[in-house]
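> Return atomic coordinates for the entry below.
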Amino acid sequence: MGRFCTYCILLMSPMLLFAQFDYHRELSQWELEKGDVRFSISSGISKFVTTKNKFLESKVSLRFATEYWEFGTYIRLNNQINFEIPSDDSFLNISDDQTVFINPNLILTNESYQISKPISLFATRHFGAIDVTVDLSPVFRLERIWTPLINQIDSTTYTISNYEDIRNQADFVSGVLASTTLEPFIFFAGISSLSVARIGDTRSSRMDVVPMIGVGIMNGISWLNLITNFSDVRVQHLQSFYIPWLTEERSVYFRLQGQLSKRLFSSYGASCEVIAPISERMQLSAGYTAVRSKSASFSEKDLKNWYVSVSPPWDEDMESRLPHSSVKIGIQYDLRKESQQSFVQLLRSNFQRTDIYFAKRDFYAYNSVGEIIIRNTASDMVDCRFVLEIEGGLGTYRTEQLRLEPNQTITVPLFLYLPDVTIQKSSETKEMHLSLLERGKEWKVTTVPVTVHEAHHWDGDTKNLHFFLTPEDPTIITNARKILLSSAEMDSSKTVQQRMFFSLKRFITALGRNLKYVSDPTTTFVTDRVQYPVETLEQQAGDCEDLVVYTATSLMSIGYQCAVVDILPASKNRSNNNTQKDVGHVFLLVDTGIETEHAFEINLVDVEWIARKSVNGKSTIWIPVETTVLNKGFDEASRSGVIQYYEHVIAPEEFRQHSVRVVDF
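Numbers count the residues shown, from 1 in each chain. Model (predicted):
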């Protein structure tokens, strides 16, 4: 007992307070941080070479971490392994004149053994770049051995009886392991021992101390390592996989390992385990293990050799090298302090676009609404992800997995994905939240107020009118094709260019028939409202932007190219993205598709058309069209467009008083 106490004091000293390091080492997203507590329970069905039937076993674990320490325990339920080994045959030579009497109560049975490892205690201590680890696990052994007794009554008479020899024994398995990291490598060194202390029967006592070394390589989402004590070899691979439909906060965690044992008892095996998160703090796990021995039978010698070789600290369960197969499932739950700080520090944030227009839904997916500058303050590599959300589900964006080296600073652009919905009011002020996801935890980083505008609102920037174009709308296509068929020029005596031009004139005239210009009553000093083409078609009315969008959409749906001319007083500064409504005007340019050298064939004088590059790179004839008078026919719309183009674009005396921009759709 004194020896036991001495060893316990040594094992509980500050230098040896640590646990099964190699097994508990995890990828960064699964590591325990200060204040974290992790509880898990797993159950499974196992079948050992020493037992006839399958049986259910369970394991409960609890781990918690402080700033420099990690402590934990495993408690195993129904983990006793039973062995039944035939007793050796005994022979008694007697002569013819001798007599043997057998006790009627004599029991002939096999020897039985029961071995269990009900609990493991472990802890971890971080000394800067070095981690020191140790574990302590009691192993209990119960032996029932039936021993025959031969008594000689006289020179010719013997009696045979037996008695049950019960032996109880407790060993303490321990291992100490140190590690250090030299990116991306990890190096291990330590010792392990089966019997650091022994209680009970000491006839088979063994004080086996074995050195261990190992090496691993880690890149943040995967880890491959090899560790050996020069007879046992274990190779392990850890990998995380990002599966969005499971969870956005944590990845699936996969462990695959193989082992080969050559010391005293030879065996080989493999196991795999998958841990999949089902919520921010809860994970499901499933695993399978298979271990085989080169020996087809399992004798008493095999039992003794296996028992005394159970010493490496990476043995999570005592039977890890005993021939068996098992399937286990489990659940684990994480507790943590919400006040814990992230290693990723936000240095600066800049959101340039705080007016969000649903009409520009595609724009925000490819043009950032802002950017942040972040820095990794940790001494290790950190994986993280940022989430940008507008309250009410009106917009969201998740960055890809970001990997930051120690002390690395990076700039991260932020985009927005808007849903295919809109708000009920014309404009609403909302909060846009930026959150950080790191190591399975979420931190609120910053909140930015934004103004969300419904799908008809336009920011006043002419180039953004193209977001309202819908040339693939089936209703628009059907209406445009119907007009095109009725307006086609069929006179074969005319040239191709003449037929093209007169067909365009008739199409625009028919398109504008009964189309009325009305000023937009919803226009404010902040935003303007633009109708979608199908709405203008139904109402047969709109303001200048509505009519430009409708006419351009109809022409583009049958293959014509269009551009818009924006006339704005030069005193107004466009650098403010036109957030204030200015008194300006827009009209249309339509590409006839006719090359400029054929202008004489369609009887157009120089001031009635414009030479511009078409999509095929050729210089073609473009016609100005004032859509607000489109109901008066093509000639009037074209004449009015030509006058405006001449006055505001060409006339040099007017050029200084107006700012003009031509934007291709």
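
> Regarding residue 478, which helix or strand does it belong to?
Here residue 478 sits within helix 474-487, counting by DSSP states H and E.

> residues making contact with that helix?
470-471, 503, 506-507, 509-511, 533-534, 537, 553-555, 557-558 (CB atoms under 8 Å, 6 or more residues apart in numbering). C-beta: built from backbone N, CA, C; applies to glycine.

> If you count neighbours, what's buried in that helix?
476-477, 479-480, 483-484, 487 (16 or more other CB atoms under 10 Å).

> try stretch 66-81
For stretch 66-81, a neighbour-count test (16+ other CB under 10 Å) marks 70-72, 74, 76, 79, 81 as buried.

> ok, now stretch 284-297?
Applying 16+ other CB under 10 Å to stretch 284-297 flags 285, 287, 289, 291, 293 as buried.

> Stretch 600-611 now?
602, 604, 608-610.

> if we can go back for a sec, nearest to residue 180 among the buried residues of stretch 66-81?
If you rank the buried residues of stretch 66-81 by distance to residue 180 using CB to CB, residue 70 comes first, at 17.1 Å.

> For the closest one, what is the enclosing helix or strand?
Using DSSP H and E, residue 70 falls within strand 69-77.

> quick check: mean pLDDT across the following helix or strand past that strand?
Next helix or strand after strand 69-77 toward the C-terminus (DSSP H and E): strand 81-85. Averaging pLDDT along strand 81-85 gives 74.

> How far away from the center of its chain is whichever strand or helix holds residue 592?
Per DSSP H and E, residue 592 falls inside strand 585-595. A distance of 49 Å separates the centroid of the chain from that of strand 585-595, by CA atoms, centre = their mean, to the nearest Å.

> Check stretch 413-433 too.
Put simply, stretch 413-433 sits 24 Å off its chain's centre (CA atoms, centre = their mean).

> And stretch 274-291, by the same measure?
The mean C-alpha position of stretch 274-291 is separated from the chain mean by 16 Å, CA atoms, centre = their mean.

> what's in contact with the helix or strand residue 273 falls within?
If you go by DSSP H and E, residue 273 is part of strand 267-277. Under the criterion CB under 8 Å, 6+ apart, residues 30, 243, 246-247, 249-261, 283-294, 320-323, 332, 440 lie in contact with strand 267-277.

> and of the buried residues of stretch 66-81, the nearest to residue 346?
Scanning the buried residues of stretch 66-81 for proximity to residue 346, where the rule is CB to CB, the winner is residue 70, at 28.3 Å.

> For the biggest helix by length in the chain, name the packing helices and strands.
Ranked by number of residues, the top helix in the chain under DSSP state H is helix 496-512. Packed against helix 496-512 by the contact rule (3 or more CB pairs under 8 Å, 6 or more residues apart in numbering; DSSP states H and E) you find helix 474-487, helix 544-557, strand 585-595, helix 634-645.

> again, only this time at 7 Å
helix 474-487, strand 585-595, helix 634-645 (3 or more CB pairs under 7 Å, 6 or more residues apart in numbering; DSSP states H and E).

> what's the angle between the last one and strand 585-595?
It stands for helix 634-645. Helix 634-645 runs at 110 degrees relative to strand 585-595, counting by axes from the mean of the first three to the mean of the last three CA atoms, to 10 degrees.

> mind saving the C-alpha coords of stretch 394-403 as PDB?
Once non-C-alpha atoms are left out, stretch 394-403 reads as follows in PDB (Å, rounded to 0.1, in the frame of the first residue of the first chain):
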ATOM      1  CA  LEU A 394     -33.600  40.800 -46.500                       C
ATOM      2  CA  GLY A 395     -30.000  39.900 -47.400                       C
ATOM      3  CA  THR A 396     -27.100  37.600 -46.400                       C
ATOM      4  CA  TYR A 397     -23.600  36.800 -47.300                       C
ATOM      5  CA  ARG A 398     -21.000  34.300 -45.900                       C
ATOM      6  CA  THR A 399     -17.400  34.500 -46.800                       C
ATOM      7  CA  GLU A 400     -15.400  31.500 -47.800                       C
ATOM      8  CA  GLN A 401     -13.300  29.900 -45.100                       C
ATOM      9  CA  LEU A 402     -10.500  32.300 -44.300                       C
ATOM     10  CA  ARG A 403      -7.200  31.000 -43.100                       C
END
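
> which residues make contact with it from outside it?
Residues from elsewhere that reach stretch 394-403 (CB atoms under 7 Å, 6 or more residues apart in numbering): 220, 242, 248, 356, 381, 383-389, 412, 414-418, 423, 430, 452.

> go again using 8 Å as the cut-off
The contact list for stretch 394-403 (CB under 8 Å, 6+ apart) reads 220-221, 242, 248, 356, 364, 374, 381-390, 410, 412, 414-419, 421, 423, 430, 432, 452.

> Looking at those residues, which are in strands?
Of the contacts of stretch 394-403, the ones assigned to strands by DSSP state E are 356, 374, 382-390, 410, 412, 414, 430, 432, 452.

> Please name the residues that touch residue 392.
If you count contacts by CB under 8 Å, 6+ apart, residue 392 has them with residue 430.

> got it, and residue 415?
Applying CB under 8 Å, 6+ apart, we find residue 415 in contact with 364-369, 388, 397.

> Which element, helix or strand, includes the closest residue to it other than its chain neighbours?
Excluding the flanking residues, the one nearest residue 415 by CB to CB, 6 or more residues apart in numbering is residue 397, at 5.0 Å. Assigned by DSSP H and E, residue 397 falls within strand 395-398.

> The stretch 301-450 of the chain: helices as residue ranges?
361-366 (DSSP state H, counting those that start in this stretch).

> Low-confidence stretches in it?
Along the stretch 301-450 of the chain, segments meeting pLDDT under 70 span 308-319, 336-340, 440.

> Residue 83 against residue 112, yeah?
Yes: with contact defined as CB atoms under 8 Å, residue 83 counts as touching residue 112 (6.7 Å).

> quick one: which of these two has more around it?
Per other CB atoms under 10 Å, whichever of residue 83 and residue 112 has more neighbours is residue 83, with 22 against 14.

> May I have the beta-bridge partners of the residue nearest to the more buried one when sequence neighbours are not counted?
Setting aside the residues directly before and after it, residue 83 is nearest to residue 113 in space (CB to CB, 6+ apart), at 4.0 Å. Beta-bridge pairing for residue 113 (DSSP bridges): residue 83, residue 143.

> Check residue 113 and give its pLDDT.
At residue 113, pLDDT is 78.

> by contact count, what packs against the helix or strand harbouring residue 289?
Using DSSP H and E, residue 289 sits in strand 282-293. Using 3+ CB pairs under 8 Å, 6+ apart, the elements in contact with strand 282-293 are strand 37-48, strand 252-261, strand 267-277, strand 324-335.

> partners of that strand, with directions?
According to DSSP bridges, strand 282-293 forms sheet pairs with strand 267-277 (antiparallel), strand 324-335 (antiparallel).

> And the strands in the stretch 101-250 of the chain?
For the stretch 101-250 of the chain, strands defined by DSSP state E, counting those that start in this stretch occupy the ranges 111-116, 119-127, 130-152, 157-182, 185-193, 198-200, 209-218, 222-228, 232-241.

> Sounds good, over and out.
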